[in-house]
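Asks: Model the following, please.
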Amino acid sequence: MQKKVSIIIPVREINDYIRESIPYILKLDYSNYEVIIFPDTASDEKFDKTKIIPTGRIGPAEKRDLALKYAEGEILAFLDDDAYPRSDWLKNAARHFEDERIGAVGGPAVTPQNDNLLRQASGKVYESKLCSGNYAYRYIPGKLMEVDDFPSVNLIVRKDVFEQAGGFDSTYYPGEDTKLCLDITKKIGKRIIYDPEVYVWHHRRELFAQHMKQITNYALHRGYFAKTLPETSFRFSYFVPSLFLMGLVLGPIACLLIPFLWPAYFGVLGIYVLALLVSIINMKDIKLAFLTMAGIFITHIGYGFYFIKGLFLAKLVR
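Replies: Below you'll find the model as predicted:
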């Protein structure tokens, strides 16, 4: 018998993303589910199998926590409003919950092919190993594996585990998913599985301004978490953009003091530019390729700066 799943979508208002997503949700090849949308205010719009529950002006984390009050499902499937699932999304996730050791399941959030050029470029930045490193599987399908940190855009959790964890810690946004995953794996002792077949599409923010606003917010929180939640955030890969930025800025000063370092400085820069070129070598669209290359560079700079800023914050205010 299928476990009942409650699909939880926090929004400010019923928007075009929701109107796009609901038809995909209603075509899921999994019958035992409900959809709960939490907007700020009431709406006259109606969708099949869907409850729309106004919450007032609260954040996404608090809205997701309301699943403990309103959701009927044994499983909570958290989905962002600008994401929509493949038809086998829930079916592929549900099979993992036959194992009682599994507390949560996540899968890739892939850029839709019909997104505009600037959104596609943002997606390519996230997909790039040069940018996301070992975490690129969050944006393109990777291999089946166990993880200990996963974004809430496509995160499916046992309701009893979610309740035991105390829900999302709404002190943090973004980053509330990092705290939840840490509670699931370390406090409760359950496993989180990444399955590339638990697949959704996710619209990106456009390069450059919207993308950078998002990435610097991520970096600020990750820097803060590196000292407050070090179990999953104090990792060398998160420090790399900051080390690159420091080398880029401080390198010339060191070279002025020690001139024989100039060849090493320019050598490292040359290797970096070569890596950028290799990262776009298979792209047929020239505009997309150069936007992606520029996007990777400014992402490194912005992430590096805001990660350092997060490290030195005494308190993170949402």
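Asks: Read off the pLDDT value for Leu66.
Replies: Listed pLDDT for Leu66 reads 95.
Asks: who touches it in this structure?
Replies: Phe38, Ile53, Thr55 (C-beta atoms under 8 Å, 6 or more residues apart in numbering). Where C-beta positions appear, they are placed from N, C-alpha and C, glycine not excepted.
Asks: the strands in the chain, which residues?
Replies: Secondary structure of the chain (DSSP state E): strands at 5-10, 33-38, 50-52, 75-79, 83-85, 102-106, 109-110, 145-147, 154-158, 191-194, 200-202.
Asks: tell me what the first one is packed against?
Replies: Strand 5-10 sits against helix 16-25, strand 33-38, helix 60-65, strand 75-79, with contacts defined as 3 or more C-beta pairs under 8 Å, 6 or more residues apart in numbering; DSSP states H and E.
Asks: Where does pLDDT dip in the stretch 51-200 of the chain?
Replies: Applying pLDDT under 70 to the stretch 51-200 of the chain flags the ranges 170-173.
Asks: looking at the strands of the chain, which is closest to Leu277?
Replies: For the strands of the chain, proximity to Leu277 was assessed by C-beta to C-beta; strand 109-110 is nearest, at 24.4 Å.
Asks: Which elements pack onto that closest one?
Replies: Applying 3+ C-beta pairs under 8 Å, 6+ apart, one finds that strand 109-110 contacts strand 200-202.
Asks: Just checking the distance from the strand it packs on to the centre of its chain.
Replies: 11 Å (C-alpha atoms, centre = their mean, to the nearest Å).
Asks: ok, that strand: who's next to it in the sheet?
Replies: Paired strands of strand 200-202, with direction, are strand 83-85 (antiparallel), strand 109-110 (parallel) (DSSP bridges).
Asks: Now do that strand: everything it contacts.
Replies: Residues contacting strand 200-202 (C-beta under 8 Å, 6+ apart): 79-80, 82-86, 89, 107-112, 153-154.
Asks: So how do I select the buried members of these in PyMOL?
Replies: To isolate in PyMOL the members of the contacts of strand 200-202 that are buried, counting by 16 or more other C-beta atoms under 10 Å, one can use:
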select buried, resi 79+80+82+83+84+85+86+89+107+108+109+110+111+112+153+154
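Asks: Next, format the strands paired with strand 200-202 as JSON lines and append distance to Gly267.
Replies: Shown next, in JSON lines, are these (distance: least, C-beta to C-beta, whole Å):
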{"stretch": "strand 83-85", "distance to Gly267": "42"}
{"stretch": "strand 109-110", "distance to Gly267": "36"}
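Asks: what about the helices in the stretch 201-318 of the chain?
Replies: For the stretch 201-318 of the chain, applying DSSP state H, counting those that start in this stretch gives helices covering 209-228, 230-233, 236-257, 262-279, 286-311.
Asks: actually the stretch 51-200 of the chain, not the one I wrote
Replies: So, for the stretch 51-200 of the chain - with DSSP H, counting those that start in this stretch - the helices run 60-65, 67-70, 89-94, 117-127, 129-132, 159-164, 176-182.
Asks: Can you pull out the residues in contact with the fifth one?
Replies: I take that to be helix 129-132. Residues contacting helix 129-132 (C-beta under 8 Å, 6+ apart): Val125, Tyr126, Ala136, Arg138, Tyr139, Ala275, Leu276, Ser279, Ile296, Thr299, His300.
Asks: just checking, the first one touches His211?
Replies: Spelled out, it's Val125. Yes: judged on C-beta atoms under 8 Å, Val125 makes contact with His211 at a distance of 7.1 Å.
Asks: need the contact list for Arg95.
Replies: No contacts exist for Arg95 under C-beta under 8 Å, 6+ apart.
Asks: Could I get the contacting residues of Gly295?
Replies: Ala121, Ser122, Lys124, Val125, Leu207, Phe208, His211.
Asks: hang on, the earlier thing: let me know which of the helices and strands packed on strand 5-10 is tucked in deepest.
Replies: The highest average neighbour count among the helices and strands packed on strand 5-10, using mean count of other C-beta atoms under 10 Å, belongs to strand 75-79 at a mean of 26.
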